[in-house]
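1. Fold the following and give me the result.
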Amino acid sequence: LNQFYMVVHLYRNLIPDRPSERWSHNMCLTDPQTAIVIGGEGAEQTQSVDSLWKLEIDNDFWFPMNSSTSGPVLPSSRGHSATFDPESKLIYVYGGMRDGQCYSDVHVLDTKTWEWNVFTAKGNIPTLAYHSAVIYRKELYVFGGVLPSRNAGKTTCSNALYIFNPEFGLWYQPIVEGDRPLPRFGHSTILVSNQLVIFGGRKTAAFLNDMHILDLGFMEYSSVKYDNMPPLPRGFHAALPISDNKILISGGCSALGALQDAWLFNLNTSSWSSVSSPLLCSKPRAGHSLISLVHPVHPGTRQSNHEHQHHHTQPATKHTILVFGGSDGAENFYNDTATCTVEIPAAENTVVQR
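-> Just a heads-up that it's a prediction; the model follows:
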């Protein structure tokens, strides 16, 4: 019996209880209690070989999933995108970089069966890393990213929009009009209603803090003119929608190094406000993941006249945020998870961190 417990103890010590330190990974919320981490890179530019993890959010319990899946194994990569489709329960993993090369593969993980598949794609297939991707009406919208380098040491990036249709395994480029964003990588793209909100990123050596909105109905870009001073130019930050008109930006890399700030952008007023957050801003963090654990009713939900007249008495909207991983841009890489509540009062245009 003692030998049995010794074997169990040894086994537990050999199996890590959480992912290795990393950045440039992806994290998807697949249901209110579960998040999936895919890929990443650790110190000395080493790929995260423990590339697939499942997190039970309530008790902060991690499950290594590399050996629990079937089908073609997803190679470890960085700078890829992993996008969850809540209707099909599939995670689409596209592109990224392995061994210094960009890839164009589309892998799909069925979160119901934990089976991997690879698309045999056709059409105008892009090869990208450090791009952005969102699911909209069952299609994958991919913007920007690093292009395969033809000259050693020279980075070129894209400002093209590609769409992947999973039903037909087809890549295509839509016709878009308007004020097109500059080429970039390490940016964020957030889906808000029927709009893609593109912020920041890096264009070769220069960091950006501009914002463009793509109207998915008219397929037309517009450049956002800020009403006040924006955050520092940055890339490799984390971003998520807080409501149907507000976006949260966290950390990232700048010309000054990794950042430890958080900002809220109001799409209605085109204004920025700083978020005071001891947890989100406890240390410089770039290449991290940020997900919202609670999806509240959007403030735009129709109200009665009585509710509209007394909107100042409504309770504040609270959002639970989970942050994982990242790096300080130097020698330190993280594998911690931190949760916090972002509170948006109904009557004021402010954000309070508790």
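2. what are the bridge partners for Arg234, then?
-> Note on Arg234: beta-bridge partners by DSSP bridges are Leu208.
3. Please apply the same query to Arg184.
-> Residues in beta-bridge contact with Arg184 (DSSP bridges): Ser158.
4. Look at it and say how many residues are nearby.
-> By other Cβ atoms under 10 Å, the residues close to Arg184 number 28. C-betas here are computed from N, CA, C, even on glycine.
5. Can you give me every residue that contacts it?
-> Gly144, Cys157, Asn159, Gly200, Gly201, Arg202, Lys203, Leu208, Gly235 (Cβ atoms under 8 Å, 6 or more residues apart in numbering).
6. Against Trp53, how distant is the third one?
-> Looking back up the chat, that one is Asn159. According to Cβ to Cβ, to the nearest Å, Asn159 and Trp53 sit 33 Å apart.
7. higher neighbour count, those two?
-> Neighbour count, other Cβ under 10 Å: between Asn159 and Trp53, Trp53 has more, with 24 against 18.
8. name the element that one belongs to?
-> Using DSSP states H and E, Trp53 sits within strand 52-56.
9. Using CSV, write down the CA coordinates of that strand.
-> Extracted C-alpha coordinates of strand 52-56, given in CSV (Å, rounded to 0.1, in the frame of the first residue of the first chain):
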residue,chain,number,x,y,z
LEU,A,52,-3.6,22.3,-25.0
TRP,A,53,-5.2,22.9,-21.6
LYS,A,54,-8.8,23.0,-20.2
LEU,A,55,-9.5,25.2,-17.2
GLU,A,56,-12.4,24.7,-14.7
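10. Direction included, what does that strand pair against?
-> Applying DSSP bridges to the sheet, strand 52-56 is found paired with strand 34-38 (antiparallel), strand 61-64 (antiparallel).
11. Which residues belonging to the last one are considered buried?
-> Meaning strand 61-64. For strand 61-64, a neighbour-count test (16 or more other Cβ atoms under 10 Å) marks Trp62, Pro64 as buried.
12. now stretch 278-290
-> Within stretch 278-290, the residues that count as buried by 16+ other Cβ under 10 Å are Leu280, Cys281, Pro284, Arg285, Ala286, Gly287, His288, Ser289, Leu290.
13. Alright, calling it a day.
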